[in-house]
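Chemist: Prediction below, plus the sequence it came from.
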Amino acid sequence: MNYGPLLFLGVFLTLASSWVGLVLVPQIQFGRLEPVKIEETGEIYPMARSGLAEQGRELYRAYGCVYCHSQQVRAEDFGADIQRGWGKRRSVARDYLRDKPVLLGTMRTGPDLTNIGMRQPSVSWHLLHLYDPQMTSAGSIMPPYAFLFDRQKQGLQKSPDALPLSGKFSPDPGYEIIPSPEARALVAYLLSLKSSASLPEVK
Amino acid sequence: MKTSTAPGFLQSLSPASRPDPAVPPAALAEIDQSCRGPVLFMFVCGVVWLLAGTVFALITSWKMHDPAFLAGYGWLTFGRVRPVHLNLVVYGFANQAAVGTALWLMCRLCRVPLMHGWMIIVSTVFWNIGVLVGAVGILAGDSTGIEWLEFPPYAAPILFFSYALIGVWTVITFRFRREPHLYVSQWYLLAAFLWFPWLYSAAEILLVLEPVRGTVQAAVNWWFAHNVLGLWFTPIGLAAAYYFIPKVIGRPIHSYYLSALGFWSLALFYNWNGMHHLVGGPMPAWLVSVSIVASVMMLIPVVTVAINHHLTMRGHFHHLKSSPTLLFIVFGAMNYTATSVHGVLSALRSVSEVTHFTHHTIGHAHHGMYAFFTMVMFGSMYYIVPRLTQREWPSARLIYLHFWTCGLGIMLYVGALTLGGVLQGFAMNDPNLAFLKVVAVTKPYLVLRSLSGMLMTVGHIAFAWSLGWILIRQLGPYRDPSAVVLGSSKSQSTGAPA
């Protein structure tokens, strides 16, 4: 094989083939999907997120949550995703139309979060869990995100948004723990994760 | 020696200029001398990133079983140190080890001295700036959030400019070669040098600059991420194995036809593999199926290369005792076969149903990137560096310490995560088992992974120590390396590559 041009041509064509097959054809097939109107509710799906939730999404990306949490539910006969309650139906391409970047994830060191906003709708649970996961999920290996909270001196009265901490988790006497705007944004994003709308492609 | 005969930079860019047929192929000593500065510079930078990447690896691994470790700082949170580890070892270390080795191989196989060394130096400076900017960017929270492409958008153009210089250099070197015969290693090198810029620029454009919509991003992401391993690192690793195995044992490669079959089947099938990372995901079934079929077809190039290498080595395994290069490269080549066959199995839907989303995948990635590729690169550097510095390695003990700690370390790593991942997968697919019970299943294996990482760290320090020592020795009086370099090559009449 001493013919340079033939080598170059072969090398070019092989990669061109998968570029067409795995990049161009998917773009043609589902790269122009549009949101749809859900018949029962009249809502457009997927809906745009609120500004706060969108900020939270940026934090989710920046803190690398995707390395431990997937956002994709597999079909009923493939794994136990639906039995575990991670979603009511499998995820489809339309669920991700507004996501830049798409955060499908490839690891489940922690549980899938596709539908966490429905599974765990409590803001205070999420704040406690972020502050120290051991409080809500003893034995978890998720790191604490205490740096998203401010420790401040308690005034005459306890602040209304101070975390209800007790026992070994409570701060020094006279101090209280307040969620920062970042923590609130992140929780707003987690609560926005709902994908139970039934779509024409998955009834 | 004959630098005056090398074309000027502008002359070498002109399509009209041709290599001077009167100039004979360069002597090996002349080639090695011309490579000294640029290739050593790249290797040293690479090894510095290897050490930095190792520190981040240990922090990442430790955090997985001790989540309170260094938890007080946002920039050191798990989700930032993990991608910093990956990007430092992949783009900082592996890439520079790969390109340094590839440059030297290109010069040797084209039988030309390294031309326009300033291009390589400038490229290396920019590459390292790009890696540094990228890593700091991730720690600062600017990661793109796209696996294997985490470096922020402002780091990518620096890296691309750096790579463009290497690409141009490769074309120049190839055009002005003085050896008309194209050895199998060169097929792999030329292919890799053409594939990488395509993959990298396509992925950056379609995912970062002008993102495609929805899950098409996932398709582009895994087309890129799997191919950066399959069409960039793997070909360079195989080029090195195809060069050094026959070189060290002093006989030709077993079969030219097997080499050609292995190369073209890899080119044909590997680039279609990526979608097996999305098995069960929100993708059209055909897309995933195509990749599973291509993954199974990978048995052809893998088995072909394994047979070819094994039959070349047959009857010569005693050289492993005398040549660290061969020791590392044969270890790497064997693991190439092992990890590829394992990869074929993992791509199957029934296996993937269990192993996808588990530590099993992380084990597999390290099996390919480390047990195969990195070990081959270590072997290559053990061959190349003494020839560039004209000094022998200072301590055989350090070399064996490096080999055994890294060899045992990575086997323990892969074993622990492969087994732990399978158990994790079965536990996760049992809906009656609470999720925290699944986490508990994995913990012992995560601790084992940290231990294996410490072993490999010892090896990396031993290697960096050797490299520093040999460079300091270079400042001392000259010693003829040919008598003492372990496993130096035999005479030229054996049919082994030049």
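Modeler: Received the coordinates, thanks. Computed from a predicted structure; not experimentally measured. Residues are numbered from 1 along each chain as shown, chains lettered A, B, ... in the order given.

Chemist: what about residue B:28, how many neighbours?
Modeler: By the criterion of other Cβ atoms under 10 Å in any protein chain shown, residue B:28 has 15 neighbours. (C-beta placed from N, C-alpha, C; glycine too.)

Chemist: My read is that it contacts residue B:497, right?
Modeler: No - using Cβ atoms under 8 Å, residue B:28 is not in contact with residue B:497, being 11.2 Å away.

Chemist: Touching both of those two, which residues are there?
Modeler: residue B:108 (Cβ atoms under 8 Å, 6 or more residues apart in numbering or on different chains).

Chemist: residues contacting the residue in chain A positioned nearest to chain B?
Modeler: As assessed by Cβ to the nearest Cβ, chain B sits closest to residue A:64 within chain A, at 2.1 Å. For residue A:64, the contact set (Cβ under 8 Å, 6+ apart) comprises B:77, B:78, B:79, B:80, B:82, B:83, B:143, B:145.

Chemist: mind checking pLDDT for the closest residue in space to residue B:85 that isn't next to it in sequence?
Modeler: Closest residue to residue B:85 apart from its sequence neighbours, by Cβ to Cβ, 6 or more residues apart in numbering or on different chains: residue B:56 at 3.8 Å. We have a pLDDT of 98 for residue B:56.

Chemist: likewise residue B:493?
Modeler: Residue B:493 is given a pLDDT of 53.

Chemist: Same check on residue A:153?
Modeler: At residue A:153, pLDDT is 92.

Chemist: Identify the residues contacting whichever helix in chain A runs longest?
Modeler: The residue-count maximum for a helix in chain A (DSSP state H) belongs to helix A:4-19. Helix A:4-19 is contacted from outside by A:1, B:174, B:182, B:187, B:190-191, B:194-195, B:198-199, B:202, B:223, B:227, B:231, B:264, B:267-268, B:271-272, B:274, using Cβ under 8 Å, 6+ apart.

Chemist: residues in contact with residue B:452?
Modeler: Applying Cβ under 8 Å, 6+ apart, we find residue B:452 in contact with B:409, B:410, B:412, B:413, B:416.

Chemist: These in helices, which ones?
Modeler: Per DSSP H, these map to helices at B:409, B:410, B:412, B:413, B:416.

Chemist: Give me the ChimeraX select line for the residues you listed, limited to the buried ones.
Modeler: Here is the ChimeraX command that selects the buried residues among the ones in helices among the contacts of residue B:452 (16 or more other Cβ atoms under 10 Å in any protein chain shown):
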select /B:409,410,412,413,416
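
Chemist: how about the ones in helices among the contacts of residue B:452 in a markdown table, adding pLDDT?
Modeler: Below are the ones in helices among the contacts of residue B:452 laid out as a markdown table (pLDDT from 0 to 100):
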| residue | pLDDT |
| --- | --- |
| B:409 | 98 |
| B:410 | 98 |
| B:412 | 98 |
| B:413 | 98 |
| B:416 | 98 |
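
Chemist: just the ones in helices among the contacts of residue B:452 now: which is nearest residue A:112?
Modeler: residue B:416 (24.3 Å; Cβ to Cβ).

Chemist: Now that closest one: closest residue in space, sequence neighbours ignored.
Modeler: residue B:448 (4.0 Å).

Chemist: For that neighbour, grab the count of nearby residues.
Modeler: 18.

Chemist: same deal with residue A:52?
Modeler: Neighbours of residue A:52 using other Cβ under 10 Å come to 17.

Chemist: ok, now which ones touch residue B:364?
Modeler: Each residue near residue B:364 by Cβ under 8 Å, 6+ apart is listed here: B:339, B:342, B:343, B:346, B:414, B:418.

Chemist: What does it show for phi and psi?
Modeler: Here is the backbone geometry of residue B:364 (degrees, to the nearest 10): phi -60, psi -40.

Chemist: Does residue B:403 touch residue B:329 like I think?
Modeler: No - if you go by Cβ under 8 Å, residue B:403 and residue B:329 don't touch, sitting 11.2 Å apart.

Chemist: So for the two, which sits in the more crowded spot?
Modeler: The neighbour comparison of residue B:403 against residue B:329 (other Cβ under 10 Å) goes to residue B:329, with 30 against 21.

Chemist: one step back: separation between the residue nearest to residue B:416 and chain A?
Modeler: Relative to chain A, residue B:448 is positioned 15 Å away (Cβ to the nearest Cβ, to the nearest Å).

Chemist: how about that residue, what does it touch?
Modeler: Neighbours of residue B:448 in contact, by Cβ under 8 Å, 6+ apart: B:412, B:416, B:420.

Chemist: Swap in 10 Å and give it another go.
Modeler: Residues in contact with residue B:448 (Cβ atoms under 10 Å, 6 or more residues apart in numbering or on different chains) are B:65, B:412, B:413, B:415, B:416, B:417, B:419, B:420.

Chemist: The second one and residue B:453 touch, don't they?
Modeler: Yes - assessed by Cβ atoms under 10 Å, residue B:412 is found in contact with residue B:453 at 9.4 Å.

Chemist: related to what we said a few turns ago, just the local confidence number for the residue nearest to residue B:416, please.
Modeler: 98.

Chemist: Check for me that it belongs to a strand.
Modeler: No - Residue B:448: not assigned to a strand; according to DSSP: H, G, I helix; E, B strand; the rest coil it is helix.

Chemist: coming back round to it: report the rounded mean pLDDT for the longest helix of chain A.
Modeler: Mean pLDDT, helix A:4-19: 93.

Chemist: neighbours around residue 185, how many?
Modeler: No chain specified, so I'll use chain A. Neighbour number of residue A:185 under other Cβ under 10 Å is 23.

Chemist: Sorry, I should have been clearer: chain B.
Modeler: Counted with other Cβ under 10 Å, residue B:185 comes out at 27.

Chemist: Direction-wise, compare the helix or strand harbouring it with helix A:4-19 and give the angle.
Modeler: For residue B:185, the host element (DSSP states H and E) is helix B:184-204. Inter-element angle recorded for helix B:184-204 and helix A:4-19: 40 degrees (by axes from the mean of the first three to the mean of the last three Cα atoms, to 10 degrees).
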